[in-house]
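Compute the structure for the input listed below.
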Amino acid sequence: MISSKKMIQFLVFEFLEPLYNTFKDNPFDAKELETEITKLMQDVDNKKDIYYYVLTREEKHLNIRAFSYKQKREAYDKQKGIYAVCQKPFKIEYMEADHIIPWKKGGQTIASNCQMLCQKDNSMKDSK
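Numbering: from 1, shown residues only. Here you go, the predicted model:
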């Protein structure tokens, strides 16, 4: 079993030191970073990748594909609960958030790239 001290040393050497060496000369606002990191901690599963993102601004480190409830609700309200393809109203719980510009083609997980699809049409879209 690895001691806590050894684990901390490993983390510092493997994770923090390379970050420090790469970004030590860049000017950062500590309060802004802390605020952003706190917000991202709620949405990102792999927490260590948050630090790479706030330092590099490369979204690939976050790998956030799921829309938040707020983003889904915003898209749903914008569509007035109507799905554009079948022109039928759906309750939000029966709809799925979809990237307008697909994630695999560089589409971001942001409100302006979200559309709500009925489950049937979303699954058909995914199978194409």
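
What are the boundaries of the strands in this structure?
Here the chain has its strands, by DSSP state E, at 95-99, 114-118.

Who are the packing partners of the first one?
Based on contacts counted as 3 or more Cβ pairs under 8 Å, 6 or more residues apart in numbering; DSSP states H and E, the elements that strand 95-99 packs against are helix 69-78, strand 114-118, helix 119-126. C-betas here are computed from N, CA, C, even on glycine.

mind listing the helices for the chain?
In the chain, the helices defined using DSSP state H lie at 4-11, 17-23, 30-41, 48-56, 69-78, 119-126.

out of these, nearest to residue 106?
Proximity of the helices of the chain to residue 106 was assessed by Cβ to Cβ; the nearest stretch is helix 48-56, lying at 15.9 Å.

Can you list the buried residues in the closest one?
The neighbour-count criterion (16 or more other Cβ atoms under 10 Å) identifies 49-54 as the buried residues of helix 48-56.

what comes up buried for stretch 70-79?
71-76, 79.

CA atoms only for it, dumped as CSV, please.
This file holds the C-alpha atoms of stretch 70-79, laid out as CSV (Å, rounded to 0.1, in the frame of the first residue of the first chain):
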residue,chain,number,x,y,z
LYS,A,70,-30.1,24.9,-18.0
GLN,A,71,-28.8,24.6,-21.6
LYS,A,72,-31.5,21.9,-22.3
ARG,A,73,-34.2,24.1,-20.8
GLU,A,74,-33.0,27.1,-22.8
ALA,A,75,-33.2,25.2,-26.1
TYR,A,76,-36.5,23.7,-25.2
ASP,A,77,-38.0,27.1,-24.4
LYS,A,78,-36.5,28.6,-27.6
GLN,A,79,-38.3,25.8,-29.6
